[in-house]
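Enquirer: what's the 3D shape of this:
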Amino acid sequence: MKEQTGFSDVDGSGRSDALVDYLTLVAQHVGEFRRHGYDFMRLRPGDSVLDVGCGVGEVCVELAAIVGARGRIAGVDLSAAMIDAARRTVAASGLAIELRPASIYELPFADAEFDAVRAERVFQHLDNPEAALREMMRVTKPGGRVLASDPDHAQGGLALDDPAHRRVYEALQRAMARMIVNPHSGTRLRGMFVRAGLRDVQQLVKSFDFNHTEFMQMFFVHERIAAAAAAGEITAREGEEFLAAIEERHRAATFYGSAIGYTVVGTMP
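Expert: Now for the predicted structure:
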């Protein structure tokens, strides 16, 4: 069972509007981590930058502020719904940013066209991330920087005291790994960059805390419970008891959760 999150085929998921809203919510929690990645790309005024999997376009707007009027920002996304959302974001900013639908495997740009190319939370949805990285490298200039950022869905934590609830959570972790095409992408990135021949490879790792509301909104909890139950790992009742337990922790101010994010950057030879 793969990709019940919908992100491998946003336009065909039947809930593209909800996924656009989801990315807007996630963006509120990764801003500082994302900006560290901008620093890793060593951007300067006048640079040309491509954002692959640009989503709702807020990154393109932030990058445009860094490279200035002499710079160039382009964004691509496989989803037409995401490109439409990005166009609304860009229109509201008043900035000149190029946006178009495209696959990460076939970027519509010439060789060595950009000073920096990035992809955030994209590789986890790819069945051939190595080919995607090669295509990003193709459109990056010699000496330019390539960046990818992703989680590892086997990592992270949730504060639980009851062993029965812990077993349910572990089943939900396994369910999430089955729902994502490339669930361990975050921890795979650095090795992939080194093998691809990128130089000066750097890695940034960060733990993100989240509250009960964010956990329920951002981590596909109900879908994971349904998937774990369908796999026979938990019963429907155990899923309900788990939800009640974390809701009680929320009321008692003892809820705590975390997730791990990875950003890797390398320089083109």
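Enquirer: ok, Met268 touching Arg138?
Expert: No. Proximity of Met268 to Arg138 does not meet the contact threshold set by Cβ atoms under 8 Å, at 9.8 Å. For glycine as for every other residue, the C-beta is placed from the backbone atoms N, C-alpha and C.
Enquirer: which of these two has more neighbours?
Expert: Met268 (22 against 15; other Cβ atoms under 10 Å).
Enquirer: quick one: the more buried one from Leu133, how far?
Expert: Distance, Met268 to Leu133, using Cβ to Cβ, to the nearest Å: 12 Å.
Enquirer: between these two, what contacts are shared?
Expert: Shared contacts of Met268 and Leu133 (Cβ atoms under 8 Å, 6 or more residues apart in numbering): Val146.
Enquirer: let me see the contact set for Asp152.
Expert: Contacts of Asp152 by Cβ under 8 Å, 6+ apart are 183-187, 260, 262.
Enquirer: ok, and the most crowded of these?
Expert: Of the contacts of Asp152, with other Cβ under 10 Å as the count, Gly186 tops at 27 neighbours.
Enquirer: send the alpha carbons of whichever strand or helix holds it over as CSV?
Expert: Counting by DSSP states H and E, the element that carries Gly186 is helix 185-195. The C-alpha trace of helix 185-195 is given here as CSV (Å, rounded to 0.1, in the frame of the first residue of the first chain):
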residue,chain,number,x,y,z
SER,A,185,14.8,9.5,2.1
GLY,A,186,16.2,11.9,4.7
THR,A,187,18.9,9.5,5.8
ARG,A,188,19.7,8.4,2.3
LEU,A,189,20.4,11.8,0.9
ARG,A,190,24.0,12.3,2.0
GLY,A,191,25.2,9.0,0.6
MET,A,192,23.4,9.6,-2.6
PHE,A,193,25.0,13.0,-3.1
VAL,A,194,28.5,11.6,-2.5
ARG,A,195,27.9,8.7,-4.9
